[in-house]
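Chemist: sequence and predicted model, in that order:
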Amino acid sequence: MLDTFQVAKARHTLGLRQAGEAFKHVISESDFNEAYNEIRTWSGYAPTPLLQLPALAQSTNVEKIFYKHEGSRFGLGSFKALGGAYAAANVIREKISTRVGHDISISKITSPEYADLAAKITLVTATDGNHGRSVAWGARRLGSPCRIYIHAEVSSSRAQAMRDLGAEVIRVMGDYDASVAATRREAQAYGWTIVSDTSWTGYIDIPRQVMAGYGVMAREICETMKTPPSHVFLQGGVGGLAAAVAAYFRQAWRDASPHVVVVEPELAPCLFESAENGKATQTKIVTETLMAGLSCGEPSQLAWHILAEEASDFLTIPESLVGPAVRLMARPLAGDTAIEAGESGIAGLAGFVTSALQAKLREKIQITEASRILLIGSEGITDPEIYTNILDEN
């Protein structure tokens, strides 16, 4: 079952580990606390499970493996439910507060007094699926219209899931970065508000709120794990998830925070290339990865500030590992819990197993028999058709 990981051609580069305190300046402790105090009041909030995989730990010769399973988050299937919806709520609250001349709480937005104002605030974003679903859900909760821009390769199932949440979905030619560009153009032309999970020059406040929302997941982990893990393997993308988790862990665990390993598809290695070049670097996506949520060619500036200091290692993994990793979760080693993990949620798992089973990578990443590994399963089944095809090895 693990043979594919033993021979996979993963690329590795060391993190920059630049000196600094971006972990507390880019997203403050107050930012994280405000997000937690709001999100925990939402209907349906419950901490997602932190599972252990003892059989896999034994097979990879480490002490323990912990797996944070985000598939049940607010019924949306991924950790993204925490970020986009929270940022959307803040945008709507701030705009209504400005209009009426005094601060209102998010809980008041749906009251008759403010509902008409909320209905006039249009939110827009670009997505590969999960972030758009979160923004659409957040907008619907508070009565605001929402437009979601998707690129050519986003599946029809994911597009329909966003329509089912009340969003208008617009498909554009090109890749994810092209959909971001289209979002920016039309938002500027029509006065709409972008709720993006990536940042750029002059646009940082809303992506910071998105990342603060992700901190809820990190907080749940810290409250469950009394002893910090030695390593955490995190999916890449634009870097928002990895940076938010790394920052929260550094704030909570200080010098005991884990060794941070960022894992990306070899077809979308913008964070890996940034580490290689010593600065945030845009890469051109020629072929789309099956790990659709990680198909990003340009790092978030906010996220990179944190990862340049906190990430110890960067890995890229080949497409050949996606199917085996999804199936390893669905049909686990004897003694481990079966987990429905989506194709974008298993990059960290695939990166870890590959590193643990290949001697050179194991040494570079400092994995030992005493290592306590944390994996974040960032999504469950977000596209049933793709998931079924992977299980059937199509």
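Modeler: Cool, the structure landed. Numbers count the residues shown, from 1 in each chain.
Chemist: quick one, strands of the stretch 51-200 of the chain?
Modeler: Assignment of strands within the stretch 51-200 of the chain using DSSP state E, counting those that start in this stretch yields the ranges 64-69, 123-127, 146-150, 168-171, 193-194.
Chemist: what mean pLDDT does the shortest one have?
Modeler: I take that to be strand 193-194. Here the mean pLDDT over strand 193-194 is 98, rounded to a whole number.
Chemist: with the second one instead?
Modeler: This predicted structure assigns strand 123-127 an average pLDDT of 96.
Chemist: re earlier: would CSV of the strands of the stretch 51-200 of the chain with distance to Thr227 and mean neighbour count be doable?
Modeler: Yep, even glycine has a C-beta here, placed from its N, CA and C like the rest. As requested, the strands of the stretch 51-200 of the chain are exported to CSV (distance: least, Cβ to Cβ, whole Å; neighbours: other Cβ atoms under 10 Å):
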stretch, distance to Thr227, mean neighbour count
strand 64-69, 10, 22
strand 123-127, 36, 28
strand 146-150, 41, 25
strand 168-171, 44, 16
strand 193-194, 40, 18
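Chemist: could I get the contacting residues of Ala136?
Modeler: 146, 148, 162, 165-167 (Cβ atoms under 8 Å, 6 or more residues apart in numbering).
Chemist: circling back to that earlier point, can you tell me which of the strands of the stretch 51-200 of the chain is nearest to Leu375?
Modeler: strand 64-69 (4.9 Å; Cβ to Cβ).
Chemist: I'd like to know which elements the closest one is packed against.
Modeler: The elements that strand 64-69 packs onto, with contact taken as 3 or more Cβ pairs under 8 Å, 6 or more residues apart in numbering; DSSP states H and E, are strand 50-52, helix 54-59, helix 205-224, strand 372-377.
Chemist: so which of those is nearest His305?
Modeler: Set against His305 and scored by Cβ to Cβ, these come closest in helix 205-224, at 10.9 Å.
Chemist: show me which residues of the closest one are buried.
Modeler: Neighbour counts using 16 or more other Cβ atoms under 10 Å place 206-221 of helix 205-224 among the buried residues.
Chemist: kindly report the same for stretch 352-366.
Modeler: Residues of stretch 352-366 classed as buried under the neighbour-count rule (16+ other Cβ under 10 Å) are 352-358, 361-362, 364-365.
Chemist: any chance of the residues you listed in a markdown table with distance to Lys284 as columns?
Modeler: Listed next are the buried residues of stretch 352-366 as a markdown table, based on distance: Cβ to Cβ, whole Å:
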| residue | distance to Lys284 |
| --- | --- |
| Phe352 | 28 |
| Val353 | 29 |
| Thr354 | 25 |
| Ser355 | 27 |
| Ala356 | 32 |
| Leu357 | 31 |
| Gln358 | 28 |
| Leu361 | 27 |
| Arg362 | 32 |
| Lys364 | 27 |
| Ile365 | 28 |
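Chemist: for the helix or strand containing Gln251, C-alpha coordinates in PDB please.
Modeler: Assigned by DSSP states H and E, Gln251 belongs to helix 240-253. Below are the C-alpha coordinates for helix 240-253, written out as PDB (Å, rounded to 0.1, in the frame of the first residue of the first chain):
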ATOM      1  CA  GLY A 240      -2.900  31.300   3.800                       C
ATOM      2  CA  LEU A 241      -3.600  28.000   5.600                       C
ATOM      3  CA  ALA A 242       0.100  27.200   6.200                       C
ATOM      4  CA  ALA A 243       0.800  30.800   7.400                       C
ATOM      5  CA  ALA A 244      -2.200  31.000   9.700                       C
ATOM      6  CA  VAL A 245      -1.500  27.700  11.400                       C
ATOM      7  CA  ALA A 246       2.300  28.400  11.700                       C
ATOM      8  CA  ALA A 247       1.600  31.800  13.200                       C
ATOM      9  CA  TYR A 248      -1.000  30.500  15.700                       C
ATOM     10  CA  PHE A 249       1.300  27.700  16.800                       C
ATOM     11  CA  ARG A 250       4.200  30.100  17.300                       C
ATOM     12  CA  GLN A 251       2.000  32.400  19.400                       C
ATOM     13  CA  ALA A 252       0.600  29.500  21.500                       C
ATOM     14  CA  TRP A 253       3.700  27.300  21.800                       C
END
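Chemist: tell me the contacts of the residue nearest the centre of the chain?
Modeler: Among the residues of the chain, the smallest C-alpha distance to the mean C-alpha position (Cα atoms, centre = their mean) belongs to Leu241, namely 4.0 Å. The contact partners of Leu241, taken as Cβ under 8 Å, 6+ apart, are 79, 214, 234-235, 376, 378.
Chemist: what's the neighbour count on Glu63?
Modeler: For Glu63, the neighbour count with other Cβ atoms under 10 Å is 14.
Chemist: quick check, pLDDT for it.
Modeler: The predicted structure lists Glu63 with a pLDDT of 98.
Chemist: ok so, going back, just flag the most distant two among the buried residues of stretch 352-366.
Modeler: Spatially, the most separated pair among the buried residues of stretch 352-366 is Val353 and Lys364, at 15.2 Å (Cβ to Cβ).
Chemist: can you give me the domain boundaries for the protein?
Modeler: The chain resolves into domains spanning 3-79+206-391, 80-204 when parsed by automatic domain parsing.
Chemist: gap between the two ends of the longest one?
Modeler: What it means is domain 3-79+206-391. 17 Å (Cα to Cα, to the nearest Å).
Chemist: right, I'll leave it there.
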